[in-house]
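Peer 1: Need coordinates for the below:
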Amino acid sequence: MSRFVLVHGAFCGAWIWGPLTGELEAAGHTVQAIDLPGSGADTTPVADVSLDAYADRVCEVLASDDEPAVLVGHSMGGMAVTHAAARCPERVALLVYVAAFLPQAGQSLIDLTKLPEGADDQIQANLVVSGEPPVATLPPEKVGWIVFGTCTDEQVAWAAGQCAEQPLAPFLGPAEVPGDAVPRAYVIATQDRCIPPALQRRMVAESPCVDVVEMDTDHSPMVGATSELAAALERFTSAVPAR
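Peer 2: Residues are numbered from 1 along each chain as shown. Model prediction:
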């Protein structure tokens, strides 16, 4: 059995992993879903939220147990897990990207969205930025279509209703990346309106993975395709190279 640490994306919190946590725990795995600074139930002030703060939080959680973890990042969480794995690689057995940003060294999330393959990104097309320090929001009437497009009405109501504002600073931070000793796997969401599938495939091509699964789902398979995502994660863990 494996230890999973699950890291959410923008506008979300640990809550989004609830359905998947139940499936993985029922299969005998240990699961920790965390709130990044300033997200979910975490009350870190916006001024103190950064990609570095995200990495520090992830490394702190990883250090809470001696067993190296399968570190899973969704969406923006891909930036956080990459940055964290560069700082505490010995605590990561496998990095898994679920419809997530997979940066090269020095790339920011914004850099990745500006690549030609990111042209259809509906997050950037609909993002509303305000305040100082700046925070980003999405129009409430569009969240379901953008983020949860293949989910049921009940799933959309549950998930979209919990989405909140997102501090902008982590979008701008350049990523540190771990060496090749930390293996990677990727779940491509083929109906993703947030990170276009073409961009996901480019990132995988530029950062080769030990395994890749394509799922016919929206940006949030942990909500609308929970069992399929759980199966993909178990497939990845069964093929983790010895370290």
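Peer 1: Beta-bridge partners for the residue nearest in space to the middle of the chain, please?
Peer 2: For the chain, the residue sitting closest to the mean C-alpha position, by CA atoms, centre = their mean, is His74 at 1.7 Å. Taking DSSP bridges, one finds Val98 as the beta-bridge partners of His74.
Peer 1: For it, give me its contacts.
Peer 2: Contact partners of His74, counting by CB atoms under 8 Å, 6 or more residues apart in numbering, are 6-9, 12, 16, 98-100, 220, 222. Where C-beta positions appear, they are placed from N, C-alpha and C, glycine not excepted.
Peer 1: And those residues, which is closest to Pro139?
Peer 2: Nearest to Pro139 among those, counting by CB to CB, is Cys12 at 16.4 Å.
Peer 1: ok, the closest one - how many residues close by?
Peer 2: Using other CB atoms under 10 Å, Cys12 has 26 other residues around it.
Peer 1: show me the contacts for the closest residue to it other than its chain neighbours.
Peer 2: Spatial nearest neighbour of Cys12, excluding adjacent residues (CB to CB, 6 or more residues apart in numbering): Cys163 at 6.3 Å. Applying CB under 8 Å, 6+ apart to Cys163 gives the contacts 11-12, 138, 143, 147.
Peer 1: And for Asp65?
Peer 2: 3, 30.
Peer 1: Work out for me the element Leu102 sits within.
Peer 2: Under the criterion of DSSP states H and E, Leu102 resides outside all helices and strands.
Peer 1: Just give the nearest non-adjacent residue to it, would you?
Peer 2: Closest to Leu102 by CB to CB, 6+ apart is Met203, at 4.0 Å.
Peer 1: is it true that the one you found touches Leu109?
Peer 2: No. Met203 lies out of contact with Leu109 (CB atoms under 8 Å); the separation is 11.5 Å.
Peer 1: where do the contact lists of these two overlap?
Peer 2: With CB under 8 Å, 6+ apart, Met203 and Leu109 have common neighbours 101, 103.
Peer 1: Checking my notes, the residue nearest to Leu102 in a strand, right?
Peer 2: No. According to DSSP: H, G, I helix; E, B strand; the rest coil, the state of Met203 is helix, so it is not within a strand.
Peer 1: Report how many residues lie close to it.
Peer 2: Met203 is flanked by 25 other residues according to other CB under 10 Å.
Peer 1: Let me know the pLDDT of it.
Peer 2: Model confidence at Met203, given as pLDDT, is 98.
Peer 1: Please apply the same query to Met222.
Peer 2: 98.
Peer 1: Provide the secondary structure category for it.
Peer 2: Following three-state DSSP, Met222 is assigned to helix.
Peer 1: I figured it hits Pro19, correct?
Peer 2: Yes. Counting by CB under 8 Å, Met222 does reach Pro19; the two are 6.4 Å apart.
Peer 1: the more surrounded of those two?
Peer 2: For Met222 versus Pro19, neighbours defined as other CB under 10 Å are more numerous around Met222 (27 against 18).
Peer 1: where does the residue nearest to Cys12 sit relative to Thr237, distance-wise?
Peer 2: 29 Å (CB to CB, to the nearest Å).
Peer 1: Also Ala33?
Peer 2: 17 Å.
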